[in-house]
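Student: I'll drop the sequence and a predicted model, then ask my questions.
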Amino acid sequence: MRPTLFQVFDVAFPAYFVLLLSGFVFATALGALWARRIGKDPDVIVDLGLACLLMGVAGGRILHVLADGYFWDYVHLCTDPSQVDWHVEALECTSRYHGAWDAARAVCHPIEADCFAWAKFWAGGLTYYGGFLGASLMAVYLLRRDRFPFWKAADMAGFAVPIGLGFGRMGCLLAGCCFGRETDGPWAMVFPPHSPASEAAFKRGALPTVASWSHAVHPTQVYEAALSIGIAAFCLLYVHGRKRYDGQVFVAFLALYALGRAALEILRADDRGGLAGLSTSQLIGLGLVVVALAIHRARVGSAAKALAPAA
């Protein structure tokens with residue numbers, strides 16, 4: 001775990017955002033090369049990548065605020081900080097978090113109101129599907145504005161997006177977020193004191209202090225990085241050369257990632273919100289599988305009509 005990847009003078013560069021940005025740059029560069037190869041303007045893809053980065057961060061933050069279980073904490077941070085509970089130790093409450101210790105309940109409360117905490121994405125708290133949906137809306141708008149073939153661009157996204165996602169999940173590993181459930185497998189990982197895994201275990205009473213190393217847990221960040229890169233390779237090296245219609249690569253990515261992510265969510269132990277026993281990501285992912293099947297059916301029909309002889 002290394003939350004700060006490096007520091008230049010007094011400016012710290014968070015590992016998660018450095019890896020996330022690296023993934024976007026790599027995916028955008030790959031998309032620009034693809035556009036040039038098929039005879040399209042690569043500048044459209046570069047502009048698309050930058051716009052999707054901004055909308056992706058905004059969408060990821062908004063879904064985190066609304067669906068990850070912290071909505072009322074953000075509301076109370078603005079209206080009444082005494083209703084926000086931080087499950088840390090008494091000494092850390094005052095020295096590290098600069099909060100007020102509630103001895104009766106053994107919790108820490110923030111002292112100062114902060115009505116903009118919900119917007120501070122750099123402090124952590126982004127969701128992939130929120131970013132995906134936000135970036136997708138921006139992509140639809142820009143591609144139509146620039147009259148770029150939409151489904152061809154979607155196929156590019158089908159192998160570029162999971163590459164960027166793979167980078168991002170390695171950033172999660174360095175930041176310590178998105179950790180898994182406890183396991184005694186030989187591939188298990190432990191995280192250092194004050195890591196999100198240690199804080200979560202302390203909160204549920206499984207550790208005596210947040211200054212303890214976490215229990216051995218599934219490295220779900222590594223699992224998802226491998227899943228993402230594997231999907232990118234499959235979509236680019238297998239599906240792309242055999243597709244029956246434009247958009248098929250995107251459909252394959254959408255369905256494969258949604259199903260893989262839904263399975264990995266079973267091993268996750270961080271707070272992710274949810275409903276009816278399913279996490280937010282599982283609910284959205286299952287919906288996207290339905291969307292992928294609907295797109296596949298519609299695009300197969302369109303391709304068949306295009307190949308049918310005229311009456």
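Tutor: In hand now; what should we look at? Residues are numbered from 1 along each chain as shown.
Student: Tell me the spacing between residue 38 and residue 45.
Tutor: The spacing between residue 38 and residue 45, counted by Cβ to Cβ, to the nearest Å, is 11 Å. Heads up, the C-betas are built off the backbone N, CA and C, glycines and all.
Student: higher neighbour count, those two?
Tutor: residue 45 (28 against 10; other Cβ atoms under 10 Å).
Student: ok, that one touching residue 35?
Tutor: Yes. Taking contacts as Cβ atoms under 8 Å, residue 45 lies within contact range of residue 35: 4.8 Å.
Student: buried stuff in stretch 82-98?
Tutor: Buried residues in stretch 82-98, counting neighbours by 16 or more other Cβ atoms under 10 Å, are found at 84-86, 88-89, 92-93, 97.
Student: What segments of this protein are strands?
Tutor: Listed in chain order, the strands found in the chain under DSSP state E are 4-8, 11-14, 99-102, 107-110, 274-275, 278-279.
Student: so of these, which one's packed in deepest?
Tutor: Among the strands of the chain, strand 107-110 has the highest mean neighbour count (mean count of other Cβ atoms under 10 Å), at a mean of 20.
Student: which helices and strands does that strand pack with?
Tutor: helix 90-95, strand 99-102 (3 or more Cβ pairs under 8 Å, 6 or more residues apart in numbering; DSSP states H and E).
Student: In CSV, list these along with mean pLDDT.
Tutor: Shown next, in CSV, are these (pLDDT from 0 to 100):
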stretch, mean pLDDT
helix 90-95, 87
strand 99-102, 92
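Student: need those in JSON lines with distance to residue 8, can you?
Tutor: Shown next, in JSON lines, are the helices and strands packed on strand 107-110 (distance: least, Cβ to Cβ, whole Å):
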{"stretch": "helix 90-95", "distance to residue 8": "27"}
{"stretch": "strand 99-102", "distance to residue 8": "31"}
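Student: Looking at those, which is nearest to residue 110?
Tutor: Residue 110 lies closest to strand 99-102 among these, at 5.2 Å (Cβ to Cβ).
Student: Now do that closest one: distance to the chain's middle.
Tutor: 32 Å (Cα atoms, centre = their mean, to the nearest Å).
Student: contact partners of it?
Tutor: 82, 86, 88, 90, 93-94, 108-111 (Cβ atoms under 8 Å, 6 or more residues apart in numbering).
Student: Distance check, the most centrally placed residue in the chain against residue 269.
Tutor: Most central in the chain under Cα atoms, centre = their mean is residue 128, positioned 2.5 Å from the mean C-alpha point. Separation of residue 128 from residue 269 (Cβ to Cβ) stands at 17 Å.
Student: And for residue 26?
Tutor: On the measure of Cβ to Cβ, residue 26 and residue 269 end up 29 Å apart.
Student: who has more neighbours, these two?
Tutor: residue 269 (20 against 15).
Student: Just list the residues touching the more buried one, thanks.
Tutor: By Cβ under 8 Å, 6+ apart, the contact list for residue 269 reads 179-182, 197, 200, 217-218.
Student: about what we covered before: who wins for proximity to residue 167 among the strands of the chain?
Tutor: strand 4-8 (12.4 Å).
Student: Give me the neighbour count for the closest residue to residue 129 other than its chain neighbours.
Tutor: Leaving aside its sequence neighbours, residue 129 sits nearest to residue 284 (Cβ to Cβ, 6 or more residues apart in numbering; 4.6 Å). Neighbours of residue 284 under the rule other Cβ under 10 Å: 21.
Student: swap in residue 266?
Tutor: Residue 266 has 12 nearby residues by other Cβ under 10 Å.
Student: swap in residue 57?
Tutor: Neighbours around residue 57, by other Cβ under 10 Å: 20.
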